[in-house]
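J.: Sequence and predicted model, in that order:
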Amino acid sequence: MAERDDLTLRAYDLVKTFPPGERFELSAQVRRSAVSIPSNIAEGQSCGEEGRYLHHVRSAQGSLGELETEIEIGKRLGFISEKDFHDAERMLTRTGQLLHGLARSVRRRRLQRAGTKLSLLALSAILPVILLALARSLLALFQT
């Protein structure tokens with residue numbers, strides 16, 4: 001089972017300790033956000049296009065941000081113990097790292113498929129920045 005699914009199951013476990021009055025409020029939001037992370041990845045993966053896949057990975061990152069916020073609120077309201085919060089925080093951080101790496105990989109693959117034309121276009125966009133930095137370095141060198 002993937003780590004993103006572990007986070008989903010952990011979120012479901014966390015909300016079991018919430019008061020009954022929160023069953024349809026914060027706990028429902030936590031469950032929706034947690035399920036949305038792997039769901040977006042699966043949906044994006046099935047699209048077959050890097051652009052759409054990247055869009056869904058970014059949506060998963062947004063859902064992760066929502067889940068982080070909701071778990072923090074649950075802790076501040078006293079629904080989540082300090083230990084459970086730190087366990088969840090560790091899983092949230094790791095899932096964020098995995099999503100960031102996945103987004104980077106999809107972007108890289110997308111650039112590679114676009115070919116040399118896109119690479120040249122990207123280079124031409126950053127070339128002025130590189131030249132400016134080089135000129136500043138040379139100017140500083142000659143001024144000393």
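T.: Sure thing, it's come through. Remember, it's a predicted structure, so these values are computed and weren't measured experimentally. Numbers count the residues shown, from 1 in each chain.
J.: CA atoms for contacts and neighbours, from now on please.
T.: Fine.
J.: What are the boundaries of the strands in the protein?
T.: In the chain, no strands are found when defined by DSSP state E.
J.: remind me, longest helix of it?
T.: helix 82-114 (DSSP state H).
J.: looking just at contacts, which helices and strands does that one meet?
T.: Where contact means 3 or more Cα pairs under 8 Å, 6 or more residues apart in numbering; DSSP states H and E, helix 82-114 is packed against helix 3-15, helix 50-76.
J.: please redo it, this time with the cut-off set to 10 Å
T.: helix 3-15, helix 26-47, helix 50-76, helix 116-143 (3 or more Cα pairs under 10 Å, 6 or more residues apart in numbering; DSSP states H and E).
J.: Let's have these in JSON lines, adding mean neighbour count.
T.: JSON lines is the format used below for the helices and strands packed on helix 82-114 (neighbours: other Cα atoms under 10 Å):
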{"stretch": "helix 3-15", "mean neighbour count": "18"}
{"stretch": "helix 26-47", "mean neighbour count": "19"}
{"stretch": "helix 50-76", "mean neighbour count": "19"}
{"stretch": "helix 116-143", "mean neighbour count": "11"}
